[in-house]
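**Q** 3D model of this:
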Amino acid sequence: MTDGPTTGPTTGPTTGPTTGPMADRPLTDGPTDDGSATDGLTDDGSTTGGLTADGSTADGPTDDGLTDEARKPLVLAAFARGITTLTLDSPHNRNALSSRLVAELREALAAAGRDDRVRAVLLTHTGTTFCAGADLSEPPSASGASGLVDLLRSIVELPKPVVARVTGHVRAGGLGLLGACDISAAGRGASFAFTEARLGLAPAVISMPLLPRLDRRAAARYYLTGERFDAAEAARIGLVTLADPEGDPDEALAPVLDGLRRGSPQGLAESKRLVTADVLRAFDRDGEGLAALSARLFASEEAREGMTSFLERRDPAWLRQTAADAGAIPDAGAATDTGAIPDAGAATDTGAIPDAGAAADSEAASHAAAAGETGATGSAGASR
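**A** I've put the predicted structure just below:
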């Protein structure tokens with residue numbers, strides 16, 4: 001197996017992007033400061049390290065007043081044998097799309113695009129969640145939806161193929177990342193859900209890279225119901241390219257990455273341009289309108305009720321009304337079943353990451369009025 005992590009030494013260059021918070025930082029092997037592995041997945045077996053942005057490992061505040069945790073990059077970069085591996089490493093909020101993570105990911109993608117050695121980018125993650133959606137610990141921001149639009153478009157427009165490796169939960173905005181990637185593989189532990197409708201929202205911005213690729217009947221079902229589905233179903237409907245629900249995606253990705261290494265820069269760029277043309281037309285045609293729709297939905301009373309009810313561990317008003325109209329009381333927990341990420345330890349099931357204080361999972365980084373009012377953090381199954 002050529003693409004899975006091992007303990008072997010690195011042989012190729014292992015420096016991060018030349019700009020941004022990871023500029024020219026050494027990427028060492030071994031666990032992060034909290035003991036977790038980083039899943040760097042470089043082809044020679046190296047893994048990205050747990051150093052902070054300035055290379056320090058000391059705990060506590062540094063000279064600039066930031067703690068070691070605050071200085072640590074959220075996107076780890078490593079290069080080997082023509083492949084740049086970008087690893088989402090924000091375990092405190094299950095790789096939620098905070099403004100900082102979005103900015104670091106865009107910078108790392110741009111750096112890979114400028115590097116003539118790079119033939120393709122591999123996007124992966126630490127922990128049991130690929131991406132849980134937005135980080136609602138951040139205050140509402142008008143730039144949230146546009147920031148997500150820019151990130152997704154940068155993946156689609158990158159002249160080098162972007163390949164996703166998923167072995168964890170994916171909700172809302174995380175699904176948009178998969179839609180923007182050219183090739184994706186999902187393995188054991190992967191689960192998926194569009195949970196927005198259960199919170200009074202809609203998967204607006206992420207529809208641009210997703211709908212041109214998804215089976216339309218399946219998109220309607222999962223957009224509207226918020227049901228969870230596994231890797232095999234994700235492959236059937238066009239969300240991922242390769243799937244082994246009981247296996248390791250590295251085996252499936254090995255020949256894919258080897259094939260990409262054989263491509264010429266021009267051949268890869270122009271071939272990608274052909275298969276992403278419809279997606280880019282969707283961005284050109286709908287980007288501004290869908291960003292406006294997202295902002296309007298997040299500011300609505302219904303979305304406020306949906307996310308507040310999640311935070312308060314209760315059914316939203318519309319579900320209570322439905323139960324009253326039917327003369328029935330929903331099964332315990334059923335009303336809050338919105339695709340939760342099981343390892344979050346939540347009482348509710350909404351794709352949420354409640355160990356960060358609970359919230360609503362969204363595509364964009366930061367944007368539910370309810371989150372600001374409740375002081376919640378984390379993400380919980382909504383999207384822009």
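**Q** who does residue 120 bridge with?
**A** Note on residue 120: beta-bridge partners by DSSP bridges are residue 83.
**Q** So it sits against residue 265, correct?
**A** No - using Cβ atoms under 8 Å as the test, residue 120 is too far from residue 265 to be in contact (10.7 Å). To be clear about C-beta, it is placed using only N, CA and C from the backbone, and glycine gets the same treatment.
**Q** shared neighbours of the two, anything?
**A** Common contacts of residue 120 and residue 265 (Cβ atoms under 8 Å, 6 or more residues apart in numbering): residue 160.
**Q** more neighbours, the two?
**A** Counting neighbours by other Cβ atoms under 10 Å for residue 120 and for residue 265 shows that residue 120 has the greater number, 24 against 12.
**Q** could you list every residue that touches that one?
**A** Neighbouring residues of residue 120 by Cβ under 8 Å, 6+ apart: 82-84, 160-163, 257, 260-261, 268.
**Q** What distance do you get for it to residue 88?
**A** Applying Cβ to Cβ, to the nearest Å, the value for residue 120 to residue 88 is 17 Å.
**Q** Over to residue 239?
**A** Distance from residue 239 to residue 88, counting by Cβ to Cβ: 18 Å.
**Q** what's the answer for residue 70, then?
**A** Taking Cβ to Cβ, one finds residue 70 at 17 Å from residue 88.
**Q** same thing with residue 209?
**A** For residue 209, the distance to residue 88 equals 17 Å [Cβ to Cβ].
**Q** quick one: the helices in this structure?
**A** Using DSSP state H, the helices of the chain run over 68-71, 99-114, 144-157, 173-180, 207-210, 216-225, 231-236, 249-261, 265-298, 301-311, 317-326, 369-374.
**Q** Just give me the neighbour total for residue 281.
**A** 12.
**Q** average model confidence for stretch 226-236?
**A** The pLDDT scores in stretch 226-236 average 98.
**Q** mind saving the C-alpha coords of it as PDB?
**A** Output of stretch 226-236 as PDB, limited to C-alpha atoms (Å, rounded to 0.1, in the frame of the first residue of the first chain):
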ATOM      1  CA  GLY A 226     -32.000  14.800   6.200                       C
ATOM      2  CA  GLU A 227     -31.500  11.000   6.400                       C
ATOM      3  CA  ARG A 228     -28.000   9.600   7.000                       C
ATOM      4  CA  PHE A 229     -26.400   7.400   4.400                       C
ATOM      5  CA  ASP A 230     -23.200   5.400   4.200                       C
ATOM      6  CA  ALA A 231     -20.300   5.200   1.800                       C
ATOM      7  CA  ALA A 232     -21.900   2.700  -0.600                       C
ATOM      8  CA  GLU A 233     -24.900   5.000  -1.000                       C
ATOM      9  CA  ALA A 234     -22.700   8.000  -1.400                       C
ATOM     10  CA  ALA A 235     -21.000   6.300  -4.300                       C
ATOM     11  CA  ARG A 236     -24.300   5.200  -5.900                       C
END
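**Q** quick one: buried residues of it?
**A** Residues of stretch 226-236 classed as buried: 226, 228-231, 233-235 (neighbour count, 16 or more other Cβ atoms under 10 Å).
**Q** okay, and for the stretch 1-150 of the chain, where does confidence drop off?
**A** Counting by pLDDT under 70, the ranges of the stretch 1-150 of the chain that qualify are 1-69, 136, 138-142.
**Q** Could I get the full set of strands for it?
**A** For the stretch 1-150 of the chain, the strands defined by DSSP state E, counting those that start in this stretch occupy 75-80, 83-88, 120-125, 129-131.
**Q** Against residue 298, how distant is the closest residue to residue 101 other than its chain neighbours?
**A** Nearest residue to residue 101 in three dimensions, chain neighbours excluded: residue 74, at 4.4 Å (Cβ to Cβ, 6 or more residues apart in numbering). Counting by Cβ to Cβ, the gap from residue 74 to residue 298 is 23 Å.
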